[in-house]
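*Asks:* This is a predicted model, with the sequence first.
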Amino acid sequence: MSATPLPDYAGGSLVNLMQSIATACGSSDSHYPQLSGLSATTLARARHVLLLVIDGLGLRTLTRHGRSPHLQRHLAGIMTSVFPSTTASAIGTVMSGLAPAQHGLTGWHMHLDEIDQTLSILPLTPRLGPPRRLPEQLPPQLFTHPSLFQRLTRESWVMAPRSIAGSPFNTWHSRGAQSVAYASLPEMFAGLTGLLQETARPRYIYAYYPDLDSYSHHYGTDSRQAQQTLADLDAGFGKLLHQVRGSNTWLLVTADHGFIDSPPRRVICLDDHPRLAGLLQRPLCGERRVAYCYVAAPDRPAFEAYVRGHLARAAHLYPSERLIAAGWFGPPPYHPRLASRVGDYTLVMKDNWTIKDWLPGERRFAMLGVHGGTSVNEMRIPLVALHV
C-alpha cells in the first residue's frame, strides 16, 4: 500500500518496548512481541526500571548535533513510533501498553460518537462549542482500557509536569501508580534520583518531559531553543547516571515521535479550498500531517476527485478502513470505536506538507515543527538503554 516507513509492531516499535517492560514488571498479558534486542528477561534482572520519554526526541534530533553526548553514547537501538506518530497516540501506548488499534487514541482532535463531539483529547476540551461534560467526567466514558500500571506487580511511579500531572487524562492513565509532579527539569531529575536511591521494593518509574516538543513546534527542530533544551536534558541525564550508578537500574530513554519542519508555503489551508470543505460532514480530525475526513456517502466520489485533482502533490488519499486492515494502527483485535474515530478517509501528507482548517473563533497560529506522519524523521525514535 505504501513505501513509507510504518510502525514495526512485529518487534521494532514503541509498542514492543512497552511489552518488554510490562512483562518484566509482572504483567501476565502478552498482546505483542517483545522488543527485539531488549527482552523482558533482561529487564527483569534489574531492581528498578526507569523509562524517560522525551516528547519529540526523534532519532534525527538526537544525532544531528553534538548537544547530547551522554544520550548519544548510550544509544542502543532505533525503533519506530506508532501511527499516527503523535503524542496522544504514542503516550496512550506508553501509559496503557497497547497499540492505537486497541486503545483507540488516534490523534489530537478526535470525534467521539459517545458524546457526539470533537475533542482535543489530551485536555479533553471541545474543539467547537461549549463542553457537554466537565473533563473530569469524561475518562470513564471514553477510555475503556486499563492503565499499564494496573497490570503490573511491581511498585509503579509516574512523574509528570505540574501542568498536566493532575489532568483528567493523566490521572486516568496513571491508575495503579503513585504520581509525582515536578516544576522544572532539575526538579524532575532530582525526583528520579531520589526514587532510584531509596531503599524500597523494586520499582517501575515512568517520567515524561514535554519542552523539547514545545520548542520544536514553535521555533523548528534545529532552532537554538530546541537545541538548548536538548543540551539541558543531556546534562541532567549525565548527572543522573553518576548519581544512581550501582542502583541496579535499567535506564531507558526514548520518545513518542520525531519531527520535521513544514514552512508556511507547505501548508494547505481549507480556507483556500471551499469546495473541499463543503464536502466534509465535520471539521478535520487527527493531525496536520494525518487528517481524518468524514464524508457522506453521496459526496465521496466528488471528494475523491477533488483531492486527486487538487491535492495530489501534497497528500496520499486512503479510505481509512484500508489503513486499519493494513495494520497501520496495530494488529487486531480493534477498539470497537476505532473506525468511527478515523473517519471515512485519511489524508497522509507527503514530504513536509501539512493541512489545516480553522473554525470561527479559533485562535490562529503557525506551527513550524510538525509530526504525526510517516516520514523517516517523524517515525524513527531512539532507544537509549543502559544498566547502572
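*Replies:* Sure thing, it's come through. Since we're looking at a predicted model, the values are computed, not measured.
*Asks:* Could you chop the protein up by domain?
*Replies:* Following automatic domain parsing, one gets these domains for the chain: 14-261+374-387, 265-366.
*Asks:* What is the linear distance spanned by the longest one between its boundary residues?
*Replies:* Using C-alpha to C-alpha, to the nearest Å, one end of domain 14-261+374-387 lies 19 Å from the other.
*Asks:* What of the last one?
*Replies:* End-to-end distance for domain 265-366: 11 Å, by C-alpha to C-alpha.
*Asks:* For that domain, what does the pLDDT average out to?
*Replies:* Domain 265-366 shows a mean pLDDT of 97 in the predicted model.
*Asks:* just to revisit the earlier point, go through the domains of the chain and pick out the most buried.
*Replies:* Mean neighbour count (mean count of other C-beta atoms under 10 Å) peaks for domain 14-261+374-387 among the domains of the chain, with a mean of 20. All C-beta spots, glycine's among them, are computed from the backbone N, C-alpha and C.
*Asks:* where's it relative to the chain centroid, distance-wise?
*Replies:* Once both centres are worked out by C-alpha atoms, centre = their mean, to the nearest Å, domain 14-261+374-387 turns out to sit 8 Å from its chain's centre.
*Asks:* ditto for stretch 331-342
*Replies:* Chain-centre distance of stretch 331-342: 17 Å, with C-alpha atoms, centre = their mean.
*Asks:* Output that stretch in PDB with nothing but the alpha carbons.
*Replies:* Listed next in PDB are the C-alpha coordinates belonging to stretch 331-342 (Å, rounded to 0.1, in the frame of the first residue of the first chain):
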ATOM      1  CA  PRO A 331      -2.800  -5.600  14.900                       C
ATOM      2  CA  PRO A 332      -6.300  -6.800  15.700                       C
ATOM      3  CA  PRO A 333      -8.400  -7.100  17.800                       C
ATOM      4  CA  TYR A 334      -9.500  -3.500  17.200                       C
ATOM      5  CA  HIS A 335     -11.000  -1.000  19.600                       C
ATOM      6  CA  PRO A 336     -14.800  -1.100  18.900                       C
ATOM      7  CA  ARG A 337     -14.900   2.600  18.000                       C
ATOM      8  CA  LEU A 338     -11.600   2.700  16.100                       C
ATOM      9  CA  ALA A 339     -13.300   3.000  12.700                       C
ATOM     10  CA  SER A 340     -15.500   5.800  13.800                       C
ATOM     11  CA  ARG A 341     -12.500   7.700  15.200                       C
ATOM     12  CA  VAL A 342     -10.600   7.800  12.000                       C
END
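*Asks:* Let's have the domains of the chain in JSON lines, adding distance to P5.
*Replies:* Written out in JSON lines, the entries for the domains of the chain read as follows (distance: least, C-beta to C-beta, whole Å):
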{"stretch": "domain 14-261+374-387", "distance to P5": "5"}
{"stretch": "domain 265-366", "distance to P5": "11"}
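*Asks:* which strands and helices sit next to the longest helix along the chain?
*Replies:* Once the chain is assigned using DSSP state H, the helix that runs over the most residues is helix 224-244. On a contact count with 3 or more C-beta pairs under 8 Å, 6 or more residues apart in numbering; DSSP states H and E, helix 224-244 meets helix 59-64, helix 69-73, helix 185-197, helix 211-219, strand 249-254.
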